[in-house]
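>>> I would like to see how this sequence folds:
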Amino acid sequence: MRQVRTNSLGELVNTRDGPANNRSPSMRSTTDRIRQAVSFELIGILIVTPLFAWAFNHPTVDMGLLVVLGATAATAWNYLFNLSFDHLLNWRRGDVRKTFPLRAVHAVLFEATLLVLLLPLFAWWLEVSLVAALVMEISFAAFYMVYAFVFTWGYDILFPPQQTGRAAA
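So this is what the prediction gives:
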């Protein structure tokens, strides 16, 4: 029987009754997830600030503050977007699991809405046109897609997830 519950972070989680529920995949602890998120943001800020200050010919301090503001906004939006998306899935389908095509829609919608939210901030902060800000944001998105791939791969090698349940046996 399918059940939906809320975890300690307010996220909707599917559960199933019966022995299949004991076969948890490799899951990370909350502490590990926080370490991963914080290290991802800090390393990203340290890389992207001088790189984009140089690429777009803006002072490092201005770019650094913008990157920190953008990372903070992206983190908050990530939580709100994912929570809303899961609630919508649960309401429409009674299930929050995502198929591959649904994950693609989710990723595109997240990036598009984040771009719309941050575009005015980029233009105002750097005193550039919306078109110039759009080029910068697309560059940031491209950088962070590659960076996220490399970072999570490296993180999984340095800090492998711990096996839980029957999968660990």
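>>> Spit out the contact partners of the residue positioned nearest the centre of the chain.
Central residue of the chain (CA atoms, centre = their mean): residue 78, 5.5 Å from the mean position. Neighbouring residues of residue 78 by CB atoms under 8 Å, 6 or more residues apart in numbering: residue 110. C-beta here means a position set from N, CA and C on the backbone, and glycine is covered the same way.
>>> try the one 3 residues further on
For residue 81, the contact set (CB under 8 Å, 6+ apart) comprises 109, 110, 113, 114.
>>> Of those residues, keep whichever come out buried.
Neighbour counting with 16 or more other CB atoms under 10 Å marks 110, 114 as buried within the contacts of residue 81.
>>> Tell me the one of the contacts of residue 81 nearest residue 53?
Nearest to residue 53 among those, counting by CB to CB, is residue 114 at 21.1 Å.
>>> Model confidence for that closest one, exactly?
On pLDDT, residue 114 comes in at 90.
>>> From residue 57, how far off is it?
24 Å (CB to CB, to the nearest Å).
>>> Repeat that for residue 116.
In this view, residue 116 and residue 57 are 25 Å apart by CB to CB.
>>> Out of the contacts of residue 81, which comes closest to residue 43?
Minimum distance to residue 43 across those is 19.5 Å, recorded for residue 114 (CB to CB).
>>> Figure out the helix or strand that the closest one lives in.
Assigned by DSSP states H and E, residue 114 belongs to helix 100-126.
>>> and that helix, which residues are buried?
For helix 100-126, burial by neighbour count (16+ other CB under 10 Å) applies to 106, 110, 111, 114, 115, 118, 122, 123, 125, 126.
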